[in-house]
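1. For reference, the sequence and a predicted model appear below.
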Amino acid sequence: MIAYFHRQIQLWGEATQASLQTKKIVIIGCGGLGSSLAYALGSSGIGEIHLVDFDDVSVHNIHRQIAFKLGDEGKFKAEIVKKTIEERCPFVKVYAHVGRLEDFACKGIAVDLIMDATDNLPTRAAIDAYAKSVQTPWLYGSVEAFNGQVCLFEKSSFNAFKINDKKPSGIAAPIVMHIASLQANLALRYLAGLSVKKDFLYYLFFNDEGELITQKFSMPQ
């Protein structure tokens, strides 16, 4: 294990790396964000990862959902991601839960962090309610076009957003990986016991000149 995680051990030492083996997370959604999150965190030494998704792979998913390839159509996303992560890292236990958030919640599985990788506001509101009920922080992420948002919710409420059924219009594949990378970095810092700014929304977008802009907002409690 020391050789596998050599670069991270150089970053924070063997004790911190070993502590990650005791951590448990759940990723809600195994599509674009979920695929990238699972790759990043599944190779970082987190001991237990639960994957929750009811959906199967469609051909239009594949360009932005890095865990899948042509030929995976019709297979459950959670099961494919589980297999992929286990093949990449032998030090993580991965559990696929084919179903919805409410199905997972009924199982009473305690985790250290809840990861949002969904694509609609009502489900994120449900994640917020679930996280508050089990007193566990959750990491929100969303993407649309060339834009994205990330926030580690602890005390603030997702109700600050106007909850509706609006679906993203179009999505560029790289922004999905960009936002998932930010989520994964925040998650890894939090789980490793490093300082993380909670209840603080990061909004990233490209302006009309193609400049990458990052805005920051304190979320109301």
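-> Noted; the coordinates are in hand. Numbering: from 1, shown residues only.

2. would residue 9 count as being in a helix?
-> Yes - under DSSP: H, G, I helix; E, B strand; the rest coil, residue 9 sits within a helix.

3. Look at residue 149 and tell me its secondary structure.
-> Using three-state DSSP, the structure places residue 149 in strand.

4. thought it was touching residue 200?
-> No - look at residue 149 against residue 200 with Cβ atoms under 8 Å: they stay out of range, at 11.2 Å. Every residue, glycine included, has its C-beta placed from N, CA and C.

5. And those two? Which one has more around it.
-> Taking neighbours as other Cβ atoms under 10 Å, residue 149 and residue 200 compare with residue 149 leading, 19 against 16.

6. any idea how far residue 141 is from that one?
-> According to Cβ to Cβ, to the nearest Å, residue 149 stands 7 Å off from residue 141.

7. Which neighbours do these two have in common?
-> Counting by Cβ atoms under 8 Å, 6 or more residues apart in numbering, the shared contacts of residue 149 and residue 141 are residue 179.

8. quick one, strands of this protein?
-> 24-28, 48-53, 93-98, 113-116, 138-144, 147-153, 200-206, 212-218 (DSSP state E).

9. Same list, these, but as a markdown table with distance to residue 180 please.
-> As requested, the strands of the chain are exported to a markdown table (distance: least, Cβ to Cβ, whole Å):
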| stretch | distance to residue 180 |
| --- | --- |
| strand 24-28 | 10 |
| strand 48-53 | 14 |
| strand 93-98 | 17 |
| strand 113-116 | 9 |
| strand 138-144 | 7 |
| strand 147-153 | 9 |
| strand 200-206 | 12 |
| strand 212-218 | 16 |
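
10. Return the most buried member of these.
-> Each of those was assessed for mean neighbour count using mean count of other Cβ atoms under 10 Å. The highest is strand 113-116, with a mean of 26.

11. For that strand, name the packing helices and strands.
-> Judged by 3 or more Cβ pairs under 8 Å, 6 or more residues apart in numbering; DSSP states H and E, the packing partners of strand 113-116 are strand 24-28, helix 32-42, helix 121-133, strand 138-144, helix 173-191.
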